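[1] Pasting the sequence and the predicted model now:
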Amino acid sequence: MRKPSLLSLLSALLFVMGCGPVESGAPDSSPDGVDDGIEACTDGETAPAGDGCNTCTCMGGVWACTLMGCQATCPAPAAADPGVSCPAVIAYGKDPASGLCCMYSDPCHVPAGWTQYYSEQECEGACSVGDRMAAPDGCNSCSCTDGGWACTEMACPPPPGSCASDADCFVSGCSGQICASEDVATTCEWLDEYACYKAPTTSCGCQDGFCGWARTPELDMCLNQACSPGDVKPAGDGCNTCSCSPNGVWNCTKMACSMCPAPLPSTTGCPDVLVFARDPQTQLCCEYPDPCSPPIGWDVFYTLDECAGVTNSCIPGANRPAPDGCNTCSCDSAGNWACTEMACVGSCASDADCFTTGCSGQLCAAQDIMTTCEWREEYACYGSPYTSCGCVDGLCGWAQTADLERCLGSIAPPPIP
């Protein structure tokens, strides 16, 4: 059975619109054997429409097809080159045709030709923190915040009038930031991006019947580079840093960024929570499936922003175990993580070598440890049924369990002064 041709589908569309059936003619009888696109069908016959979700039925000798909108689906991962070492980090790819964002296990499995991102937020919003661009209204500017575009909302003057050619347009505004066909009064507040509105970055001219700045790659690049002298931000590659020069342009270090090493073998009792670890040598941030899998000696964080040094923010009163397995972190009134710094001591060969110690029974160690007797609510979580004291990777410590996480998370935050 042959699938409906384009002519058949058009006939079906006319039929659905009330134009009546359109005869598709007899089956192809071309002497050269080439299908001329004319296909006959038998009433009641059905066939897939070819788009993956609609169905066609033969009615009155022509195909009539359902016209549902087909939802795009993520393709299977691309075959990775066995000779290429791929970083062990989740990647997101955007389909250039449909705009669909799909998640893959690493960058090497993203389909060829798709733009790659390292967070779903970036893939959906298609911008990185610090990016800037001109707003569509021609007078406001937009910057990327939390993965999405946020634009200034100054009242824009009404369109100053239409234009027939570039000769009708000239530069206006106190800072020369507007292209119009008549003088436009503005405030004299200076914004860094105003320096981009001039040759050779762009030109003032007639765009679609109205005066405006030509959207050029140079203009977009300049707007993305505009900054305030002294500003600092991560370069986005995990190891380099950008600082704003005195002339308002981003300058970034260009160190070669190393690949993320493979996770260490997982251990029992490790909490099932995604973490980010920072290489103490290169400052590269890598994603790992749990706190036990990053390389030894790397600092461990619970968000990419914390790892990259963008923020250490949290909700005041929140609690979580420290990555070392024996200390506890709590969020202070200023919204920053603060962790206890008790010495984690005591090697062990088995759980029998470990016991509970400390004035409040908050430590698991292989020897008695003297502590202050200050009581903290989270100490109630260190014991049965939430966790157990035992030997983990040769050191005594509390088992990092989901029950322990829930207990620490349920502690009421202290009042904020």
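    On my side now, so go ahead.

[2] For the chain, which segments count as helices?
    For the chain, the helices defined by DSSP state H occupy 6-14, 120-125, 217-225, 304-308, 402-410.

[3] How is this structure partitioned into domains?
    By the assignment in automatic domain parsing, the chain contains the domains 6-65, 92-125, 132-153+161-225, 341-417.

[4] Enumerate the positions of the second one that are buried.
    Spelled out, that is domain 92-125. 92-95, 100-102, 104, 107-111, 114, 117-118, 122-123, 125 (16 or more other C-beta atoms under 10 Å). All C-beta atoms are positioned from the backbone trio N, CA, C, and that covers glycine.

[5] same deal with stretch 272-280?
    So, applying 16+ other C-beta under 10 Å, buried residues of stretch 272-280: V275, F276, A277, R278, D279.

[6] Just send the residues you listed back as CSV, with distance to D166 too.
    Shown next, in CSV, are the buried residues of stretch 272-280 (distance: C-beta to C-beta, whole Å):
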residue, distance to D166
V275, 56
F276, 51
A277, 55
R278, 52
D279, 52
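
[7] In TSV, list the residues you listed along with distance to C242 and pLDDT.
    Converted to TSV, these look like this (distance: C-beta to C-beta, whole Å; pLDDT from 0 to 100):
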residue	distance to C242	pLDDT
V275	25	83
F276	20	85
A277	22	87
R278	17	84
D279	19	80
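
[8] Low-confidence regions, the stretch 151-300 of the chain specifically.
    157-161, 224-226, 235-240, 247-249, 254-259, 266-269, 282 (pLDDT under 70).

[9] try 90 this time
    Where the stretch 151-300 of the chain drops to pLDDT under 90, the residues are 151-165, 168-169, 172-201, 206-300.

[10] how about the strands in it?
    For the stretch 151-300 of the chain, strands defined by DSSP state E, counting those that start in this stretch occupy the ranges 170-172, 178-180, 204-207, 210-213, 232-234, 241-244, 250-252, 275-278, 285-288, 299-301.

[11] which one of those is the most hemmed in?
    strand 178-180 (a mean of 25; mean count of other C-beta atoms under 10 Å).

[12] Each with direction, which strands does that strand pair with?
    Sheet pairing for strand 178-180, assigned by DSSP bridges, gives strand 170-172 (antiparallel).

[13] which outside residues touch the partner strand?
    I178, C179, A180, S181, E182, D183, V184, Y197, C204, C211 (C-beta atoms under 8 Å, 6 or more residues apart in numbering).

[14] and the residues you listed as JSON lines, adding distance to C292?
    Compiled in JSON lines, those are given as follows (distance: C-beta to C-beta, whole Å):
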{"residue": "I178", "distance to C292": "57"}
{"residue": "C179", "distance to C292": "58"}
{"residue": "A180", "distance to C292": "62"}
{"residue": "S181", "distance to C292": "66"}
{"residue": "E182", "distance to C292": "67"}
{"residue": "D183", "distance to C292": "67"}
{"residue": "V184", "distance to C292": "61"}
{"residue": "Y197", "distance to C292": "53"}
{"residue": "C204", "distance to C292": "59"}
{"residue": "C211", "distance to C292": "61"}
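
[15] hmm, which two among those residues are most spread apart?
    Greatest spacing in these, by C-beta to C-beta: E182 and Y197 (17.4 Å).

[16] quick one, which of these two is more surrounded?
    Y197 (22 against 12; other C-beta atoms under 10 Å).

[17] Starting from A78, give me the distance back to the more buried one.
    42 Å (C-beta to C-beta, to the nearest Å).

[18] Among the buried residues of domain 92-125, name the ones in strands.
    In strands, judged by DSSP state E, the following of these are found: Y92, G93, K94, C101, C102, Y104, Y117.

[19] can you dump the C-alpha coordinates of stretch 292-312 into PDB?
    Taking C-alpha atoms only, stretch 292-312 is exported to PDB below (Å, rounded to 0.1, in the frame of the first residue of the first chain):
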ATOM      1  CA  CYS A 292      30.900  10.900  47.300                       C
ATOM      2  CA  SER A 293      31.900  10.800  43.600                       C
ATOM      3  CA  PRO A 294      33.900  14.000  43.000                       C
ATOM      4  CA  PRO A 295      37.700  13.700  43.000                       C
ATOM      5  CA  ILE A 296      39.400  13.800  46.400                       C
ATOM      6  CA  GLY A 297      40.500  17.400  47.400                       C
ATOM      7  CA  TRP A 298      37.900  19.200  45.300                       C
ATOM      8  CA  ASP A 299      35.500  21.600  47.000                       C
ATOM      9  CA  VAL A 300      31.900  20.400  46.700                       C
ATOM     10  CA  PHE A 301      28.800  22.600  46.200                       C
ATOM     11  CA  TYR A 302      25.100  22.000  45.800                       C
ATOM     12  CA  THR A 303      24.500  24.500  42.900                       C
ATOM     13  CA  LEU A 304      26.500  25.500  39.900                       C
ATOM     14  CA  ASP A 305      26.300  29.200  40.800                       C
ATOM     15  CA  GLU A 306      27.900  28.400  44.200                       C
ATOM     16  CA  CYS A 307      30.700  26.400  42.500                       C
ATOM     17  CA  ALA A 308      31.400  29.100  39.900                       C
ATOM     18  CA  GLY A 309      31.500  31.700  42.700                       C
ATOM     19  CA  VAL A 310      28.500  33.600  41.400                       C
ATOM     20  CA  THR A 311      26.500  33.200  44.600                       C
ATOM     21  CA  ASN A 312      26.500  31.400  47.900                       C
END
